[in-house]
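[1] here is a sequence together with a model predicted from it:
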Amino acid sequence: MDFKHYFIYQADYQHWANDVLFNALDRLDEASRTAPKTLYFGSIHGSVDHLGFFYHKWLARLKGETQPESYTGVRYTDWQQLKDSLRHETRALQYWLEQQPAAFFDERLNYRRTLSHEEKGVWVRDALTHVFTYGALERGHISAAASSLGAPFPDMGYFTYRQEMGDHLQHMRRSVP
């Protein structure tokens, strides 16, 4: 598998894992999701909101567009709007990656850091690895905080995703006449 297809699968996994997380977080009331927790972005809601900002910022960097200013607080106060926004951000990244030529994944990416505005350069594949591992890290922090409030601990593992997708494809193949 080449880098392009690998990262497209990784983007799809991000979308799937976010939905698994949402299934657990939806079992909490709004007060629990917005209550102060020992999370970097202050609450479960704030951390999910920041994850959407993070995806948006990196997609802008990958596209060579002006990235949003630094994260200064919750962008979406409504839970459903926040979930829809994060779903949109992850799918937008996936669809954009699908449109890129395979050579793009072997290029260098130059961008400006959010706070210091320092110019940085990194391989596209390293930037994407950072985006996707950061997403997994943040979902882990969020799910641990949610579990301490009584939400079920979601199985967001990549192997679980691959198993579910494999089962789905096998079911589809059996249903085609």
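    Received, thanks. Numbers count the residues shown, from 1 in each chain.

[2] now do the nearest residue to Gly121 once chain neighbours are set aside against Glu138, distance only.
    Excluding the flanking residues, the one nearest Gly121 by C-beta to C-beta, 6 or more residues apart in numbering is Asn110, at 4.8 Å. Bear in mind the C-beta positions are built from the backbone N, C-alpha and C, glycine included. Remark: distance between Asn110 and Glu138 (C-beta to C-beta, to the nearest Å) = 25 Å.

[3] do the same with Gly64
    For Gly64, the distance to Glu138 - C-beta to C-beta - is 25 Å.

[4] neighbour count winner among those two?
    Legend: neighbour count by other C-beta atoms under 10 Å for Gly64 and Glu138, higher for Glu138 (19 against 10).

[5] wait, that one sits on Ile44?
    No. Between Glu138 and Ile44 there is no contact under C-beta atoms under 8 Å: 10.8 Å.

[6] what's near enough to touch Ala35?
    Each residue near Ala35 by C-beta atoms under 8 Å, 6 or more residues apart in numbering is listed here: Ser43, Ile44, Leu149.

[7] between those residues, which is closest to Phe7?
    Ile44 (27.7 Å; C-beta to C-beta).

[8] mind naming the longest helix for the protein?
    If you go by DSSP state H, the chain has its longest helix at helix 124-148.

[9] average pLDDT for that helix?
    Per-residue pLDDT over helix 124-148 has a mean of 96.
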